[in-house]
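> how would this look folded up:
(one chain, ligands or ions: 1)
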Amino acid sequence: MTSLIEQAKQKAAYQAVDEHVLPSHRVIGVGSGSTVVHVVARLLQRDPELNAKTVFVPTSFQSRGLLLDGGLTVGDVEQYPNIDVTIDGADEVDSQLNAIKGGGAAHLQEKVVAEAARKFVIVADYRKDSKVLGEQWTQGVPVEVVPFAWRAVLKKLQELGSKDANLRMAVKKAGPIVTDNGNFLIDAPFGLIHDPAKVLKDIKLLTGVVEVGLFCNMAEVAYFGCEDGSVTIRTK
Ligand SMILES: O=C[C@H](O)[C@H](O)[C@H](O)COP(=O)(O)O
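Okay, here's the model as predicted:
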């Protein structure tokens with residue numbers, strides 16, 4: 001029995017792929033996380049001849065594996081700097097389509113691939129649909145940092161107001177998680193974030209920060225799978 005949440009993810013992902021991945025598209029950016037699993041499943045239901053003419057750009061070891069396991073052609077943003085559309089999940093989305101991403105520690109490559117796309121589409125379940133960032137996602141803003149600077153950045157984040165900022169520790173490994181890019185990750189709660197662009201700028205300027213899991217003014221549209229099986233589509 002698929003859970004309501006998984007059904008919601010699938011509904012959002014399928015509709016977004018159907019409406020935004022066009023037959024004329026040749027380079028598709030693919031995000032990371034559990035909702036993207038349904039994005040790739042829907043892509044695999046397309047005409048194989050169409051997929052054979054298409055390159056898919058992953059954003060993590062996980063999404064690369066999904067694409068390779070599906071037999072799809074994988075490329076990187078170095079070879080394909082102009083992407084037709086990127087579809088990705090989110091940890092939370094506000095009323096202006098600003099998003100918190102990085103719950104799976106993949107936001108650096110995700111942001112590069114999202115920015116390289118002509119269109120960036122978010123897919124998520126109903127738990128991610130908020131008015132203000134921080135309402136439902138209370139784990140904090142994910143901040144990728146170079147390992148040797150983590151304690152210095154943590155201190156600066158606390159001075160910025162994130163008193164509970166913390167180094168994200170691994171579960172099945174002693175010590176902190178290490179991102180696909182070889183860096184550490186700090187989760188920095190700021191409560192309700194009414195001005196995500198300012199918080200993004202303040203954090204990004206801290207020496208030692210690689211990338212911040214705030215995607216501001218990037219998404220053109222967001223698809224939210226609802227508990228009743230419907231899909232809510234939000235644009236700015
Ligand atoms: O780092 C991970 C990515 O930003 C994901 O897209 C985000 O965490 C949402 O993941 P999920 O679709 O599993 O909720």
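
> How about the residues of this protein by the ligand?
With CB under 6 Å from any ligand atom as the criterion, the chain meets the ligand at residues 31-35, 88-91, 101-107, 110. For every residue, glycine as well, the C-beta is placed using N, CA and C.

> Filter these down to the buried ones, ChimeraX style.
A single ChimeraX command selects the buried members of the residues of the chain next to the ligand (16 or more other CB atoms under 10 Å):
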select :31,32,33,35,88,89,90,91,101,102,103,104,105,106,107,110
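
> Quick one: mark the members of the residues of the chain next to the ligand that sit in strands.
In this view, the residues of the chain next to the ligand that belong to strands under DSSP state E are Asp88.

> for this protein, what spans make up the strands?
Using DSSP E, strands in the chain cover 27-30, 55-57, 73-74, 83-88, 92-93, 99-100, 117-125, 141-145, 166-167, 184-188, 209-212, 214-215, 221-225, 231-235.

> So which of those is the most surrounded?
strand 99-100 (a mean of 28; mean count of other CB atoms under 10 Å).

> same for it, what does it pack against?
Packing partners of strand 99-100 (3 or more CB pairs under 8 Å, 6 or more residues apart in numbering; DSSP states H and E): strand 92-93, strand 214-215.

> Which positions in stretch 7-27 come out as buried?
7-17, 20-21, 25, 27.

> That stretch - what's its average pLDDT?
The pLDDT scores in stretch 7-27 average 98.

> Kindly report the same for stretch 41-48.
Here the average pLDDT along stretch 41-48 is 98.
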